[in-house]
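>>> A structural model of the following input is requested.
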Amino acid sequence: MPQLAKSAIALLLSFALSGIAVPQTQTSRQVPEPHATVKPSHPETPGALSDTQRTLQALNRLTFGPRPGDVQAVTAKGLDSWIEDQLHPESLDDSALNARLGTFATIRMNPKQLAQSFPSDGVLRQIIAGKRPMPDDRALKMVYSVNIARIQQQDAAKTPPATAPANTMMAPATATGSKSSPPNAPAAVAPTVPSAPALPTPEQQQAREIADRLLALPKDQRLNALEDAQPEQAINFPNQIRPDQRDRLMADFSPQEREIVRALASPQNVVVSELQQAKVIREIYSERQLLEVMTDFWINHFNVYQNKNQDAYYTTAYDRDVIRPHALGKFYDLLVAVAQSPAMLMYLDNWLSIGPHSQAAGKNGQSGLNENYGRELMELHTLGVDGGYTQADVTQLASVLTGWTIAQPDDGGQFAFDPKKHEPGDKTLLGKTFYEAGQDEGMRALDMLAHSPATAHFISKCLATRFVSDDPPESLVTRMAATFQSSDGDIREVMRNMLHSPEFWSPQVYKAKVKTPLEFVVSAVRASGANVTAADALVSNLTNMGMQPYGMAVPTGYSMKAATWENEGALLERLNFSTTLTQGKLGGVQFDPGGLIVNGTLGESDSPRTKAAFASKHTSTDLALAMAEDAILQGDFSAKDEKVIRGQMDDPDVQRRMQASPTDGLRLIIGFILASPDFQHR
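Prediction:
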């Protein structure tokens, strides 16, 4: 086993044996663990927070974690002034972020453009059936033709040969095992002599020959040459060629050309992948950090699933045009924008809902009333599960919202009200009579829900849970709810009320929130000062950790509480990520340990551990650890966690490695700090 892997496993065991925030696995837990598991690993801070701790509290809660130098920058500006800037993000320059997002062309396209440029299999099958014409654009026609050929190949493969025997025997297992091996068969012993590399398949060989011919051409002629290939030859082209060929071709293509080539493998995945990567890039690099945190909060609160039906095309506009502009605005405006967004209409099936007594009922095989959105609108979006509604209210709200649908969903169409699908007659919702008024019934229902005292309390508690603690004080929630009602649901004012509360600045909540996988990955990249040139590896790691962006299939969204994310498997995933990042082995992410130390400690006036290490008869290891602590955690590192890390660093094998290469030793130390329970909390 490589020494690095040994060190990682030893560190994990050391944290577990020291009793630091490693509870039982969630799957085996019958009774929830007490909240003690989410308390910070360092001794509880007595009295009020220090100025540095207040700054760290703000950076850890209102951003995706501090970067090297952020504490000093906030201190120089003044904490109150910095908070006001974050509450008014339009005042902050984000041009550097916009430059990084420039390569993601799909995030600026509307749903209709996305649906046309990156066709779904349903649209392609309509073309195969002669119900839709092929596009005229040459490059777009290639994308359609290649993916039509893919579908036709897949359909042919599903059809068994007419002459196939009824009881064809399975092929014998190979020396390395196969899917036909008996379920309880022992694993085959690997050969002692390495096997030869697998030969490319005929499809791979053909694609690689095409790639070689393209690379021999001038850059501006390559896409035209690819368009001249037979559609069958270009199926899954970017995944069939060698990595070195793909890297060279993609480096020379424009962003739009890269999207076209990637669409030869899966058109919709281009849209999905770019939105996921853009989200992570924003959260790492945006100066408007509170806006990004609030956008993530509302995306999760009003959850949609990017992989359902046509939501691959609608989620981009949902994030950009629905959630982000209203993230710090009036709750009613946000609620209406969500209710009329095709992403939500499709995700919770309201676009299919038809009044049982409407003109459209029973015609052309159309189904009836769908209560999915009506239920989640009250339970998850506004009133809360204890908000006082009944099943009858769910049915009545669903009836009120019949006719709220999508025009031409296959083509990226927008919200439309169809009076023929709307349930006629009066309705009674939460004790109020709704006289028949078409679309206005739905608007009145949204207004009533947005201004309900139950909604004010529920939304305030959700916000306090995200920003303060897993079990926020009722006194705080009550005051936030009062501000919600008195300000007409002004989210900015509710946040300001929370940020001026003693509960937010209490030592009891300092570092008491466990980071979700998204918060951990983004904060680790920010804290390390790494440069992200491609975010797909970050998205893959988030998927492995169980928090793929826009990937929660159920309406509840991802949990913000510790119990979901604190288990041995999750900690091991985070340790693996920390190691891969700091060893410089995370694709598309460049990490410079020396640069982190310089940017994180040079010129600081408040680095007690580093000063102590310099003043004493320190070893290089002591100094490296002190400087890394200052750079990543501003010296606010528990003695208990430090003792665990020092125990691993004292291992003779680790010592030899650190002496052989100080840079490798520094990478190891930084990886250990990022994997520590202290860094897992915010």
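>>> CA atoms for contacts and neighbours, from now on please.
Fine.
>>> can you pull the contacts of Lys219?
Residues in contact with Lys219 (Cα atoms under 8 Å, 6 or more residues apart in numbering) are Asp252, Phe253.
>>> no wait, Phe679
When contacts are counted by Cα under 8 Å, 6+ apart, Phe679 touches Leu633, Ile673.
>>> ok but it is inside a strand, no?
No - applying DSSP: H, G, I helix; E, B strand; the rest coil, one finds Phe679 to be helix, outside a strand.
>>> ok, it to Phe672 distance?
Noted for Phe679: a distance of 10 Å to Phe672, by Cα to Cα, to the nearest Å.
>>> same thing with Gln366?
Distance from Gln366 to Phe672, counting by Cα to Cα: 58 Å.
>>> If you count surrounding residues, which of the two has more?
More crowded of Gln366 and Phe672, by other Cα atoms under 10 Å: Phe672, with 28 against 12.
>>> If we ignore the residues flanking it in sequence, what's nearest that one?
Ile645 (6.7 Å; Cα to Cα, 6 or more residues apart in numbering).
>>> now Leu397
Gly374 (5.5 Å).
>>> what sits against the one you found?
Counting by Cα under 8 Å, 6+ apart, Gly374 touches Val394, Thr395, Leu397, Ala398, Leu401.
>>> now, among those residues, which is nearest to Asp136?
The shortest gap between Asp136 and any of those belongs to Leu401, at 39.3 Å (Cα to Cα).
>>> I figured the closest one hits His422, correct?
Yes - under the criterion of Cα atoms under 8 Å, Leu401 makes contact with His422 at 7.5 Å.
>>> More neighbours: which of these two?
Leu401 (32 against 28).
>>> Does Ser528 touch Val589 like I think?
No - taking contacts as Cα under 8 Å, Ser528 lies outside contact range of Val589: 10.7 Å.
>>> More neighbours: these two, which one.
Legend: neighbour count by other Cα under 10 Å for Ser528 and Val589, higher for Ser528 (28 against 19).
>>> Leaving out the residues flanking it, which one is nearest to that one?
Using Cα to Cα, 6+ apart and skipping residues adjacent in sequence, the residue nearest Ser528 is Leu596, 6.2 Å away.
>>> next one: Phe434
With Cα to Cα, 6+ apart, the residue lying closest to Phe434 is Lys427, at 5.0 Å.
>>> List the residues that contact that neighbour.
By Cα under 8 Å, 6+ apart, the neighbours of Lys427 are Gln396, Ser399, Val400, Thr433, Phe434, Tyr435, Glu436.
>>> any idea how far Ser254 is from the residue nearest to Phe672?
Applying Cα to Cα, the value for Ile645 to Ser254 is 46 Å.
>>> how close does Pro89 get to Gln72?
Noted for Pro89: a distance of 20 Å to Gln72, by Cα to Cα.
>>> Helix, strand or coil: sort out the closest residue to Ala524 other than its chain neighbours for me.
Nearest residue to Ala524 in three dimensions, chain neighbours excluded: Leu674, at 6.5 Å (Cα to Cα, 6+ apart). Taking three-state DSSP as the rule, one finds Leu674 in the helix state.
>>> Contacts only, for Leu674.
Applying Cα under 8 Å, 6+ apart, the residues near Leu674 are Ala524, Leu575, Ser578, Gln680.
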